[in-house]
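Visitor: fold the following and give me the result.
(2 chains)
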Protein chains: 2
Amino acid sequence: MFNDATIQEVNEALKSAWDAFHIYRKCSLKERAHFMRSIAEQIESLGNDLIITAGKETNLSEARLRGELARTIFQLNSYAAACERGEWLEARIDTAIPDKAPPKPDIRKMLVPLGPVVVFGASNFPFAYSTAGGDTATAFAAGCPVVVKAHPAHAQTSKLVAGAIIKAVEACHLPKGVFTHLYGRSFEVGRALVTHPYTKAAGFTGSFTGGKQLFDWANQRKDPIPVFAEMSSINPVFLLPGKMRVSAAAIAKQYAASITLGSGQFCTNPGLLIGLEGNDLTTFITTLAAKIKTIAPVTMLNKGIYENYADKRAQALSLPEVQVVAVSEVASKEMQGIPTVAVVTADVFINNPVLHQEVFGPYSLIIKCKDMRQMTDVARHIEGQLTATLMATEEDTKSNAELVDAVQNLCGRFILNGVPTGVEVCLSMQHGGPFPATTDSRFSSVGADGIKRFARPVAYQNWSNELLPDELKNENPLGIWRTVNNELTKEAMRFYS
Amino acid sequence: MFNDATIQEVNEALKSAWDAFHIYRKCSLKERAHFMRSIAEQIESLGNDLIITAGKETNLSEARLRGELARTIFQLNSYAAACERGEWLEARIDTAIPDKAPPKPDIRKMLVPLGPVVVFGASNFPFAYSTAGGDTATAFAAGCPVVVKAHPAHAQTSKLVAGAIIKAVEACHLPKGVFTHLYGRSFEVGRALVTHPYTKAAGFTGSFTGGKQLFDWANQRKDPIPVFAEMSSINPVFLLPGKMRVSAAAIAKQYAASITLGSGQFCTNPGLLIGLEGNDLTTFITTLAAKIKTIAPVTMLNKGIYENYADKRAQALSLPEVQVVAVSEVASKEMQGIPTVAVVTADVFINNPVLHQEVFGPYSLIIKCKDMRQMTDVARHIEGQLTATLMATEEDTKSNAELVDAVQNLCGRFILNGVPTGVEVCLSMQHGGPFPATTDSRFSSVGADGIKRFARPVAYQNWSNELLPDELKNENPLGIWRTVNNELTKEAMRFYS
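Guide: Next up is the predicted model:
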């Protein structure tokens, strides 16, 4: 049994994190990277126990869990490398000009950590977006202590991972408060964590309702703090006519797999497929329907997710204008998400907010447009998204500039001829998009740029070389990239010392 | 007479900005820079008229206005240069790894503009933080159309500058909606602007009440938007004992000038001077008092600012524990801010929120501490600030690490042995700090990094070289810095094309 943290436990966790902040923020980039690599090693040493526990708690397959665990380890190690490279510090140096009127002082700027970060574990990624996931790893890289609230659906998995982090804290001789692990099913725990005066930022992956509530609490504080909530996305896919003419059936097969991957429990699941009425769309629908009918339902993460899927799916299908195209014909068991595809006209879609809601699971809605103008109109009526995809020939893309513009404007990742599922962990990744996909489209929760969410710039004016942080010293002892008098360079400042 | 914009005018302005956005965002970096330089030229060609008008509306001296205008021109030109250099785009490229399992696609990321930006003119900087000021210049650099609400205290000045921008819009053949100028004394205009669906961000410099209200409206929207409000700062100065031993009188003279510069109407005015009880502080106070008594009061910007100063000063001085140290003895006229310094003990300061409020004008409060521990305690009780200053020897700084830490943690710019007034326009400048100094400590409103406030990343996955924006093409036609497979480079990608 995992008891909800009491208010006193929340207070203790944040007090301890605040005290640890004053020590951990001064750890060098190398020390932080070492700590992150040490966490990766400790997690690896948990072995099969971790996979077995997570499997029991989430119904995810062993292969999926092993893949996700490998990704989590890769995140820790690659963000550690990025932490050490130091480009995220955005070091800028402008040297003094004493004979300017008035004299220009020496000014040097770099990012410093915000303070304790609260991370809320995600239900659908027990490793990669949970206890030692991307938010935790980037916060540690930035120099922030972390308080994790375990997701109640996989509290035991979270406990195991937390144990590994605590071992790494000890092995690296860091103060205990650098990491605290709490439990909480009630929203009171979340509120206490986000509104605590020592909390300086929060990371969240989950439902719109949950994320928006945290965002509101954070902004209603006496001193508002940033909340990076990745909330809901239906990831529209635009099927352009030139591409459909040559590949309608092939695209349908590709998308049958993407829609049902992991029982559709990905934030990048393609929930909208937008095409032009006509023979090619008919071919697409027929092929997609035939595939979907043969795909076996898969047990969903937990009862809450399953019931939510059943409700939202029923809600969408209950509209008289929505026609079911295909439902899996393979026998299903309790708590299994039934693969489903439906179709509706663009007019109905545009005027019906219910159809814009995320249906989290193996579901997708086809939108039939009369012409390209209407397809562009659909794009303009879609809320902010993590991803948007064009299935298009070079010619399609060039001759539909307005549509391409409208689509780019609504998403964080813009895919050409691919599927949105599958999020690469690399610097160029953008996992974030205009509201309501996330609460802050200017940041990414995947890739090393995520470190910048938990840091802010400080400019040091007129400090002596000796007193400056190593990152900003003339001799550039860390060998990092810096912008010196408007020029990016890794060189030491021989002429200014 | 300048009539408040009607709701219809606000709607028209934003509709026009939204339409212009789709054209302006596609303008190349060079075209945007050309537009910004053209604004600078048009403003310069306004000549003396502009200075005379601004002088009448703001009571600022000709020298000050000429200086501020030069700075405004410099901002436009230097942000134009930064726009062209393109480092702010944060271009990142990760090339495909087809034989990875699953295959890794080609992903390329850069910042794209958010959309129409609303800029609220500042009362205390009729040029540099108003109509064609830093917010407007950085929004244009980012690729965003701008709607300016003129500050009612210098509406005629604002109109002249707006005329220059409109001429530049025409000269550059840009759509009219790239820039709109509106008037508004009532808060309804501000609310209509910030809550309009086409508004995607806002910039503001002014009072805490005004900035916080805009921030709240923005966050209560169906789709919250970022508001960059620079609001209130009392810019604490810590007088460390070693430095005071050798320079108490010299520091007092330096600060008498900084406190009263421009009648104290700068957001970086030093409003708190924190020292240790004893002979050196007595020398400091005596010298500062003698100076302050001889400094002539100066007419303040407008009646509202003057009355606010008189009120807030009276409020602070009315506390029985606050002792007046010096008041200017030079005869004053109506609407002049009377230079004033007071003193209070650290205990009283810590427990009295009234004393933490900004008193916008030529006023500063000395805080007497019993020892360094209490000085650190004071630092820990001060809200977020734009700047904080240490007057300290190398030895002072080294032997008071806890204080130095606490002070760095509360500010955006950390000054050693200087005065906070005077904000250099350069890349390393940070003009922004933890709440309530600004609403988002992660961004700066001065320096080219301010461009990033109005942009968000988009990742292009699997796009052909031909279809990618120039910034991300293999051959790097713009010659900008990019991070290619985790290496910063200006080179073309010969091996990947």
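
Visitor: ok and the residue in the stretch 251-400 of chain A nearest chain B?
Guide: Residue of the stretch 251-400 of chain A nearest chain B, by C-beta to the nearest C-beta: A:T397 (5.6 Å). Just so you know, the C-beta spots here come from the backbone N, C-alpha and C atoms, and that holds for glycine as well.

Visitor: which strand or helix spans that residue?
Guide: helix A:394-399 (DSSP states H and E).

Visitor: list the contacts of that helix.
Guide: With C-beta atoms under 8 Å, 6 or more residues apart in numbering or on different chains as the test, helix A:394-399 has contacts from A:240-243, A:390, A:404, A:416, B:464, B:466-467.

Visitor: buried residues in it?
Guide: Neighbour counts over helix A:394-399 (16 or more other C-beta atoms under 10 Å in any protein chain shown) mark A:396-397 as buried.

Visitor: roughly how far out does that helix sit from the chain middle?
Guide: Relative to its parent chain, helix A:394-399 has a centroid offset of 31 Å by C-alpha atoms, centre = their mean, to the nearest Å.

Visitor: is the very next helix or strand once past it in proximity to chain B?
Guide: Counting by DSSP H and E, the next helix or strand C-terminal to helix A:394-399 is helix A:401-408. Yes: shown here: helix A:401-408 in contact with chain B (C-beta under 8 Å from any C-beta of the partner chain) through A:402, A:405, A:408.

Visitor: and the closest residue to the first one other than its chain neighbours, what does it touch?
Guide: By the measure of C-beta to C-beta, 6 or more residues apart in numbering or on different chains, the closest residue to A:E402 outside its immediate chain neighbours is A:T376, 5.4 Å from it. Counting by C-beta under 8 Å, 6+ apart, A:T376 makes contact with A:400, A:402-403, A:406.

Visitor: quick one: which of the residues you listed is most hemmed in?
Guide: Sorting the contacts of A:T376 by how many neighbours each has (other C-beta atoms under 10 Å in any protein chain shown) puts A:L403 first, at 24 neighbours.

Visitor: and the closest residue in space to that residue that isn't next to it in sequence, its phi and psi?
Guide: Spatially, and ignoring its direct neighbours in sequence, A:L403 is nearest to A:T376 (4.5 Å; C-beta to C-beta, 6+ apart). Main-chain torsions, A:T376, degrees, to the nearest 10: phi -60, psi -40.

Visitor: now render the contacts of helix A:394-399 as CSV, adding pLDDT and secondary structure.
Guide: Putting those into CSV (pLDDT from 0 to 100; DSSP: H, G, I helix; E, B strand; the rest coil) gives the following:
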residue, pLDDT, secondary structure
A:L240, 98, coil
A:P241, 98, helix
A:G242, 98, helix
A:K243, 98, helix
A:L390, 98, strand
A:V404, 97, helix
A:L416, 98, strand
B:S464, 95, coil
B:E466, 95, coil
B:L467, 96, coil
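
Visitor: name the residues of stretch A:263-279 that are buried.
Guide: A:263-276.

Visitor: same question for stretch A:164-174.
Guide: By 16+ other C-beta under 10 Å, the buried positions in stretch A:164-174 come out as A:164-169, A:172, A:174.

Visitor: if we can go back for a sec, filter the buried residues of stretch A:263-279 down to the ones in strands?
Guide: A:272-276 (DSSP state E).

Visitor: got the contact list for the closest residue to A:S61 other than its chain neighbours?
Guide: Leaving aside its chain neighbours, A:S61 sits nearest to A:G55 (7.6 Å; criterion: C-beta to C-beta, 6+ apart). Each residue near A:G55 by C-beta under 8 Å, 6+ apart is listed here: A:61-62, A:65.

Visitor: any idea which element A:G55 lies in?
Guide: Using DSSP H and E, the element containing A:G55 is helix A:48-58.

Visitor: can I get the CA coordinates of that helix in CSV?
Guide: C-alpha atoms of helix A:48-58 as CSV (Å, rounded to 0.1, in the frame of the first residue of the first chain):
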residue,chain,number,x,y,z
ASN,A,48,14.4,-8.1,-14.6
ASP,A,49,12.6,-7.2,-11.3
LEU,A,50,11.8,-3.8,-12.8
ILE,A,51,10.4,-5.1,-16.0
ILE,A,52,8.3,-7.7,-14.2
THR,A,53,6.9,-5.1,-11.8
ALA,A,54,6.1,-2.6,-14.5
GLY,A,55,4.5,-5.3,-16.6
LYS,A,56,2.1,-6.2,-13.8
GLU,A,57,1.2,-2.6,-13.1
THR,A,58,0.8,-1.4,-16.7
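
Visitor: spell out which parts of the stretch 51-200 of chain A neighbour chain B.
Guide: Within the stretch 51-200 of chain A, the residues that sit near chain B (C-beta under 8 Å from any C-beta) are A:82, A:85, A:87, A:90, A:92-94, A:102, A:104-105, A:107-109, A:112, A:114-115.

Visitor: strands of the stretch 101-250 of chain A, start to end?
Guide: Assigned by DSSP state E, counting those that start in this stretch, the strands in the stretch 101-250 of chain A fall at A:107-113, A:117-120, A:146-149, A:179-182, A:201-205, A:227-230, A:236-239.

Visitor: packing partners of the fifth one?
Guide: In terms of contacts (3 or more C-beta pairs under 8 Å, 6 or more residues apart in numbering or on different chains; DSSP states H and E), strand A:201-205 is packed against strand A:117-120, helix A:134-142, helix A:208-220, strand A:227-230.

Visitor: surely A:N462 and B:N417 touch.
Guide: Yes: between A:N462 and B:N417 a contact is recorded at 6.0 Å, counting by C-beta atoms under 8 Å.

Visitor: compare those two (neighbour count), which wins?
Guide: Set side by side, A:N462 and B:N417 show more neighbours around B:N417, with 20 against 16, by other C-beta under 10 Å.

Visitor: distance check, that one against B:T483.
Guide: Per C-beta to C-beta, to the nearest Å, B:N417 is found 37 Å from B:T483.
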